[in-house]
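# Sequence plus predicted model, see below.
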Amino acid sequence: MPRPLFTHAAISVVCAGLLWTATPAHAGSSAQTARPERARPVSSAAWADRATRAYDALQHHLYEGPAQHGLYLEHTPRQANDPAHSYLWPFREAAQAAVDMQHLPRTGFSYRDDAAERFDTAELYLTAGPRPGYESYLPAPLGTGGDIYYDDNAVVALSQLDQYEATGDRRFLERAERVVPVVSRAWDGDDAKSCPGGMDWYDSPNNTIRATNVTALSAQLAARLYEHTRDRAYLHKAEQWYGWVYSCMRKAPGLYVNDRGDDGSVNETLWTYNSGAMIGTATALYRGTGDAAYLRKAVEDAKGSLAHWTEGSRLHDQPAVFNAFYFKDLLDLDAVRSDPAYLRAMSAYADSTYASNLDPATGLFRFQPSNGGDYDPAAPAATLNQSAMVQIFATLADATHHRRGSH
């Protein structure tokens with residue numbers, strides 16, 4: 001993750017089930033900074049309705065159905081360079097969307113079969129052999145295969161863990177555990193390199209970078225597995241991988257540079273999901289170990305990253321899918337150390353994006369070629385982006401529903 005697209009690329013209150021957010025930007029315009037005097041309420045039921053409509057549009061326009069093995073298109077309309085079916089990363093986001101829809105108040109149970117089907121279909125991307133893993137594209141007989149990207153494998157396993165937590169079905173825990181040896185191959189033990197350690201981006205002798213996303217997401221996977229299994233091998237990996245990113249990639253509280261090249265170069269691009277993965281990992285390590293130092297680091301990174309990402313149009317300009325990761329990690333921390341700023345920021349982004357990037361004729365969201373930014377009427381809708389918005393709305397429906405119950 002990302003493949004061709006990202007190679008290197010307000011005062012609110014929660015009360016009586018209503019989250020107060022900024023009045024959204026007009027369609028086709030840039031998102032504006034939230035102003036308290038323009039705040040308006042969005043209920044859990046409204047978030048659920050938005051999630052349902054976005055999910056229905058995803059299924060209607062991009063899902064290929066049982067006749068096509070339960071796969072998805074990359075875009076609609078299909079683009080000249082699109083493969084027959086989506087790459088693994090967009091498919092994972094569609095699977096995660098179904099997982100999150102299961103948590104909708106009152107209607108979540110109706111998405112259980114969809115979620116179960118997504119995880120069966122995901123196994124079509126899995127290759128066996130001496131270097132197993134989920135390939136970036138479908139291997140034979142359905143496709144030509146692709147490289148094993150370690151960040152893709154980590155997030156597939158994180159979704160499997162989410163499904164295990166939603167259902168209690170140990171098959172999903174076992175599948176997530178099966179990914180740990182895959183991502184462990186990525187660790188670079190060459191002490192001669194600058195800032196030794198870190199994890200390769202993909203499984204190839206041509207790989208030349210150690211990436212924050214792979215290392216932090218794999219650390220998050222290992223930390224969460226430790227919570228479930230108490231296997232100290234997972235704790236060791238989580239602490240090692242988290243420690244490398246914190247020591248070698250941290251630019252400022254909550255902000256982590258993208259990668260280090262084997263030639264000593266540093267790519268200082270910042271993404272919201274790298275902020276989120278480190279917050280999520282520290283939160284899981286705190287839950288698993290009780291070590292308050294991890295909680296302090298998570299809170300410091302959350303505050304620092306929010307101060308950065310909520311400045312101007314930065315959140316608006318980030319890829320929607322990266323924001324989905326980020327906001328969920330903030331809410332994970334919120335469950336341990338509550339701060340209304342997390343839910344407030346998520347709601348403001350979701351509300352403004354609903355107003356500015358939705359094509360009301362189709363229910364599909366359209367963005368710039370970067371997968372973020374302003375509405376682009378000429379852009380195809382993508383499984384990746386549509387799934388991200390489903391996840392954000394469904395998570396908000398669940399979060400605001402529980403907030404109401406706590407008052």
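Arrived safely, thanks for sending.
# Looking at the protein, name the residue that lies furthest from the middle.
Here the centre of the chain is the reference, and by C-alpha atoms, centre = their mean the most remote residue is residue 192, at 32.9 Å.
# Let's see the pLDDT reported for that residue.
The per-residue pLDDT reported for residue 192 equals 96.
# May I ask you to confirm that it belongs to a strand?
No: membership of residue 192 in a strand is not supported by DSSP: H, G, I helix; E, B strand; the rest coil, which gives coil.
# any idea how far it is from residue 119?
Distance, residue 192 to residue 119, by C-beta to C-beta, to the nearest Å: 41 Å. Where you see a C-beta, it was placed from the backbone N, CA and C, and this is true even at glycine.
# Please apply the same query to residue 309.
As for residue 309, its distance to residue 119 is 31 Å (criterion: C-beta to C-beta).
# same deal with residue 200?
Summarising the geometry, the distance separating residue 200 from residue 119, computed by C-beta to C-beta, is 26 Å.
# do the same with residue 236
28 Å.
# can you count the residues close to residue 78?
Residue neighbour count, defined by other C-beta atoms under 10 Å, stands at 12 for residue 78.
# So it belongs to a strand, correct?
No: counting by three-state DSSP, residue 78 is not part of a strand but coil.
# where does residue 247 land in three-state SS?
Going by three-state DSSP, the state assigned to residue 247 is helix.
# which residues touch the closest residue to it other than its chain neighbours?
Residue nearest to residue 247 in three dimensions, not counting chain neighbours: residue 195, with 7.4 Å by C-beta to C-beta, 6 or more residues apart in numbering. Taking C-beta atoms under 8 Å, 6 or more residues apart in numbering as the criterion, residue 195 is in contact with 244, 247, 248, 260.
# can you name the two of these that are farthest apart?
The largest separation in the contacts of residue 195, counting by C-beta to C-beta, is between 247 and 260 at 11.7 Å.
# For the two, indicate the residue with more neighbours.
Neighbour totals were compared for residue 247 and residue 260, and residue 260 leads with 24 against 11 (other C-beta under 10 Å).
# just to revisit the earlier point, out of residue 236 and residue 119, which sits in the more crowded spot?
Between residue 236 and residue 119, counted using other C-beta under 10 Å, the more crowded position is residue 119 (20 against 12).
# Can you verify my assumption that that one contacts residue 161?
No: under the criterion of C-beta atoms under 8 Å, residue 119 lies out of contact with residue 161, with a separation of 11.6 Å.
# so what's in contact with the two at the same time?
Where contact means C-beta under 8 Å, 6+ apart, the residues bridging residue 119 and residue 161 through contact with each are residue 172.
# mind checking the longest strand of this protein?
When secondary structure is assigned using DSSP state E, the longest strand within the chain turns out to be strand 255-261.
# who are the neighbours of the helix or strand that that strand is followed by, in terms of helices and strands?
Next along the chain after strand 255-261, taking DSSP states H and E as the criterion, comes strand 266-270. For strand 266-270, the packing partners by 3 or more C-beta pairs under 8 Å, 6 or more residues apart in numbering; DSSP states H and E come out as strand 255-261.
# what lines up beside the strand it packs on in the sheet?
Using DSSP bridges, strand 255-261 pairs in its sheet with strand 209-211 (antiparallel), strand 250-252 (antiparallel), strand 266-270 (antiparallel).
# now for those strands, which one comes closest to residue 337?
In this view, these are compared for proximity to residue 337 by C-beta to C-beta, and strand 250-252 is the closest at 20.0 Å.
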